[in-house]
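>>> compute the structure for the input listed below.
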Amino acid sequence: MNLTYKNTGRLLSVFLMGLALALTWGQATAEHDIRGIADADPATPGVTFNLYAFPFNINLPEGSSLQMWGFGDQDAGAGATHAEGEGYNLPQYPGPTLVVTEDQTVTINLTNSGVPQPVSIVVTGHDVTATRTDGNPSHGLVTEAANVGESVSYTFMAPEPGTYLYHSLDGANPGLHVEMGLLGVLIVRPADGSRTAYGDGTETDYDQEFLYLLTEVDPDIHLQMERGHVAHFTNSDRFAKIWFVNGRVFPDLFQGNYNELFPHQPYESLAQAHAGDQVLVRNINAGHDSHPFHYHGENLRFVGRDGRMLSSNSLVANLGRSDNTINSAPKQGIDAIWTWTGKDLNWDIYGHDTGHVCNAGPDGFGDATSTYPGEYCPDHGKAFPVTLPGAQDLSLGGWWSGSPFLGDTGDLPPGEGGLNPFGGYFLVWHSHAEKELTTFDIFPGGSLSSVVVLPPDVTIE
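Residues are numbered from 1 along each chain as shown. Model (predicted):
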């Protein structure tokens, strides 16, 4: 029986790290929505995005809000469903993720609908031509910009697959527009249509794909902008106090894509995978500070940086290193492959007395005839090495399923659990800078995310 991993949509009681938190998971697809406002059609010569810029307020977990400036989809119809990301026309943080195909001509039409400064678009790694639609002279020192009510069209070719940042740049106040939220991600897929990061045969195949966009803000700057004190911004006085993954902070970042609780923050950051899946992690730092993001479970294999494959011959990704932390510099993007197998745990993750079959292939993992293809057969049938205390003696947090075995659930203490109905393994993905695990200096918060390894019979949408 195939099951589908979706969020539960209920208010659940969570006990995490000794703190009581109320956490709602809204109904949403499991995969982080990286389709943005349009999927590129390889049969067409180009793709067009119509964006607008507008001020708005985002929600923070402790109940406060913060004014942002952000991009929205000009074309999405008001009132359309948000469940699959369709019709999402609100300004958002981060901006819509734009997905195109290698060698396509990309046009971004931008209208400033209310940001009190000239707004522009810079696309990292691309030669962009800007054309004003109103005939007025340029307002920006680096690129053409639009004052309120004005529009600018940006056109470029997307010659290389990869992960790129787009953002507004104000020549008079460098850094202010990114601080205020005028940023997003461009993903260029390979022209051959393969499920790879850089093209068929490059050894960058993946089964699951997730975007981790890292940012940080100084709320004092946002208060000054809300009051209209634009001249008060200086980079020297900036001091970040809030850290985001995909535009949300913990615990909000687990609560499903397009959750109605966060109308301007559509993207979650909970990754899902099966044991043995190749997971493409698109890690990109859009902020002003470095963010050492740490991925538990297994090391990542770096395959690309700043939209270029790490290769000695332009054919395969053979120069990437193995590491468990991506210390990305500001505006840097890293593409990496992460895989969790359970190898060498020295106990059977599927249970030692379930009667399942593991027929090892040349690499020691179960072949297609096995009950769980990809199981590490040398550990097959080995018992869990310790005896767990009774449920009344445990307090393992809301993501404990009641069983150490993948796919199994068991007894839980009264009022405990509920966030792991399929018996998956939750592994923390988070910033390795301790302060970035806070919001307004309160722990836990900030850049604290996870990946869940799900049983093989659970379908990941």
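
>>> pLDDT weak spots in the chain?
Along the chain, the parts satisfying pLDDT under 70 run over 1-45, 76-88, 135-142.

>>> what strands flank the lengthiest strand in it, and is each parallel or antiparallel?
In the chain, with assignment by DSSP state E, the single longest strand is strand 46-59. According to DSSP bridges, strand 46-59 forms sheet pairs with strand 65-73 (antiparallel), strand 105-112 (parallel).

>>> endpoints of stretch 283-295, how far apart?
Start and end residues of stretch 283-295 are separated by 11 Å (C-alpha to C-alpha, to the nearest Å).

>>> now it: buried residues?
Asn283, Ile284, Asn285, Ala286, Gly287, His288, His291, Phe293, His294, Tyr295 (16 or more other C-beta atoms under 10 Å). Yep, even glycine has a C-beta here, placed from its N, CA and C like the rest.

>>> of those, which is the nearest to Gly95?
Nearest to Gly95 among those, counting by C-beta to C-beta, is Ala286 at 10.0 Å.

>>> contacting residues for the closest one?
Pro94, Leu165, His167, Val178, Leu183, Val185, Leu213, Leu214, Thr215, Pro330, Lys331 (C-beta atoms under 8 Å, 6 or more residues apart in numbering).

>>> could you redo the last one with a cut-off of 6 Å?
Residues near Ala286 by C-beta atoms under 6 Å, 6 or more residues apart in numbering: Leu165, Leu183, Leu213, Thr215.

>>> one more: Glu102?
Pro161, Val188, Pro190, Ala191.

>>> distance check, the closest residue to the first one other than its chain neighbours against Gly307.
In this case it means Pro161. Nearest residue to Pro161, sequence neighbours excluded (C-beta to C-beta, 6 or more residues apart in numbering): Pro190, at 4.5 Å. The gap separating Pro190 from Gly307 is 12 Å, by C-beta to C-beta, to the nearest Å.

>>> in contact with Asn112, which residues are there?
Counting by C-beta under 6 Å, 6+ apart, Asn112 has contacts Ala53, Val119, Ala146, Val148, Glu150.

>>> Ser403 too?
Thr409, Gly410.

>>> can we see that at 10 Å?
By C-beta atoms under 10 Å, 6 or more residues apart in numbering, the residues touching Ser403 are Gly351, Phe384, Leu388, Thr409, Gly410, Asp411, Leu412, Asn420, Gly423.

>>> Thr107 now?
Here Thr107 is in contact with Gly46, Val47, Thr48, Phe49, Asn50, Thr129, Thr131, Ser153, Tyr154, Thr155, Phe156 (criterion: C-beta under 10 Å, 6+ apart).

>>> closest one to Leu98 out of the residues you listed, please.
Phe49 (5.5 Å).

>>> ok, what's across the strand from the closest one?
Going by DSSP bridges, Phe49 forms beta bridges with Ile108.

>>> right, and it touches Asp73 too?
Yes: counting by C-beta atoms under 10 Å, Asp73 is a contact partner of Phe49 at 7.9 Å.

>>> just say helix, strand or coil for Gly149.
Under DSSP: H, G, I helix; E, B strand; the rest coil, Gly149 falls in the coil class.

>>> quick check: the closest residue to it other than its chain neighbours vs Phe49, distance?
The spatially closest residue to Gly149, leaving aside those adjacent along the chain, is Asn112, at 6.9 Å (C-beta to C-beta, 6+ apart). Here Asn112 is placed at a distance of 15 Å from Phe49 (C-beta to C-beta).

>>> all helices for the stretch 201-350 of the chain, in order.
219-226 (DSSP state H, counting those that start in this stretch).

>>> before we move on, what about the stretch 351-461 of the chain?
Under DSSP H, counting those that start in this stretch, the stretch 351-461 of the chain gives no helices.

>>> thinking again about what came up before, quick one: buried ones out of the contacts of Asn112?
Of the contacts of Asn112, these count as buried by 16+ other C-beta under 10 Å: Ala53, Val119, Ala146, Glu150.

>>> redo the residues you listed as JSON lines? Include distance to Ile442.
Output for these, formatted as JSON lines (distance: C-beta to C-beta, whole Å):
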{"residue": "Ala53", "distance to Ile442": "31"}
{"residue": "Val119", "distance to Ile442": "33"}
{"residue": "Ala146", "distance to Ile442": "38"}
{"residue": "Glu150", "distance to Ile442": "41"}
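
>>> ok, of those residues, which one's closest to Gly125?
Using C-beta to C-beta, the buried ones among the contacts of Asn112 come closest to Gly125 at Val119, 20.6 Å.

>>> thanks again, I'm all set now.
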